[in-house]
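Student: turn this into a model:
(one chain, ligands or ions: 2)
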Amino acid sequence: MTNLIALNGATIAFDLDGTLVESAPDLIGAVNAILITEGFKPLAYDEGRPFISRGARWLLQWGLEIAGEQDPAARTAALFGRFINYYSDHIADESLPFPGVIDALKVLKAAGAKLVVCTNKPTDLSRSLLTKLDMAGLFEGVVGIDSVTAAKPSAAHLIEAVEAVGGDLARTIMVGDAGTDAGAARAAGTPLILVDFGYTEIPAVELAPDILLHHFDDLVGACAALLNGPRSVNPLYETTT
Ligand SMILES: O=C(O)COP(=O)(O)O
Ligand SMILES: [Mg+2]
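Tutor: Ligands and ions are numbered 1, 2, ... in the order given. Down below sits the predicted model:
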């Protein structure tokens, strides 16, 4: 594949869980490790995956609730530290980058775009996951929930992530999988690309992205179209396969 494309001055901000990385197996695996040691039935994969964008604490509480715990909030508070320790030790046992994402990120970077991770996962866990998957070097910054004044869907998260890498909000695109990402992009006034294979209760198409992505092979073209406008895409973007 050959791509001739200019994205100098652009910043592409990426959600992590469900967008860059299929992290559901290890997140749900960690919930289940805790549930099982506490004598509860495990959470079925399909009962957990759509809700991951609500965060790990919510997922653990959900697992406890549907297993029959009478006071899931209090039990979650008691077990959350152990859950995080377990997850941290198993963060990349089964998690994998989504197909085509690494090649797409390399092309965007080579074209001059700054890449930043804008995630509601804590920054240290995000860095650890990306390092273990050999993806950390692709990003100029990793901005987790603990590194910002307000998390997605607040605009502040996206704005501060762009600032962290010296980017320009007016030349930024948000790429995500869920309502939190859509909310941040809309609030910050940036274009929005959503993948349709991530973790969301509301189908991505119903969140009205500017572009709905079915595969990362289409990411570079989508970014070029949004940043350069349809008329300038053809001369700048050339693909031969
Ligand atoms: O772990 C979470 O809370 C969700 O993370 P995300 O923002 O990368 O999807
Ligand atoms: Mg996500």
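Student: domains of the protein?
Tutor: With automatic domain parsing serving as the domain definition, the record reports that the chain contains domains spanning 11-22+95-236, 24-89.
Student: out of those, nearest to ligand 2?
Tutor: Nearest to ligand 2 among the domains of the chain is domain 11-22+95-236 (3.8 Å), distances taken as CB to the ion. Just so you know, the C-beta spots here come from the backbone N, C-alpha and C atoms, and that holds for glycine as well.
Student: can you give me how far the closest one is from the chain middle?
Tutor: Centre-to-centre, domain 11-22+95-236 and its host chain are 7 Å apart (CA atoms, centre = their mean, to the nearest Å).
Student: for this structure, what spans make up the strands?
Tutor: Counting by DSSP state E, one finds strands in the chain at the ranges 11-14, 21-22, 96-97, 114-118, 141-143, 172-176, 192-195, 211-213.
Student: who does the last one pair up with?
Tutor: Right, the one you point to is strand 211-213. Within its sheet, strand 211-213 is paired with strand 192-195 (parallel), according to DSSP bridges.
Student: quick one: the partner strand near ligand 1?
Tutor: No. Contact check for strand 192-195 against ligand 1, using CB under 6 Å from any ligand atom: none in range, with a minimum separation of 11.0 Å.
Student: could you dump that strand to PDB, C-alpha only?
Tutor: Coordinates of the C-alpha atoms in strand 192-195 are reproduced here as PDB (Å, rounded to 0.1, in the frame of the first residue of the first chain):
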ATOM      1  CA  LEU A 192     -15.700  12.700  15.200                       C
ATOM      2  CA  ILE A 193     -14.900   9.200  13.800                       C
ATOM      3  CA  LEU A 194     -16.500   6.300  15.600                       C
ATOM      4  CA  VAL A 195     -15.600   2.600  15.100                       C
END
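Student: show me the contact partners of that strand.
Tutor: With contact meaning CB atoms under 8 Å, 6 or more residues apart in numbering, strand 192-195 is reached by 18-19, 98, 173-178, 181-182, 185-186, 204-205, 207, 209-214, 216, 219, 222-223, 226.
Student: okay, now the unreliable bits of this protein?
Tutor: In the predicted model of the chain, residues 1-4, 230-241 satisfy pLDDT under 70.
Student: now stretch 58-66: how far from the chain's centre is it?
Tutor: With CA atoms, centre = their mean, you get 21 Å for stretch 58-66.
Student: pull out the buried positions in it.
Tutor: 59-66 (16 or more other CB atoms under 10 Å).
Student: for stretch 19-27, same thing?
Tutor: 19-24, 26-27.
Student: and stretch 187-205, by the same measure?
Tutor: Counting neighbours by 16+ other CB under 10 Å, stretch 187-205 gives 187-188, 190-195, 197-200, 204 as buried.
Student: how far does it stretch from start to finish?
Tutor: The straight-line separation of the ends of stretch 187-205 (CA to CA, to the nearest Å) is 18 Å.
Student: show me where this structure has its helices.
Tutor: With DSSP state H, the ranges of helices along the chain come out as 24-37, 45-48, 56-66, 72-89, 101-110, 123-132, 155-164, 179-188, 219-228, 230-236.
Student: closest to N8 out of these?
Tutor: Using CB to CB as the criterion, the shortest distance between N8 and the helices of the chain is 10.2 Å, found for helix 219-228.
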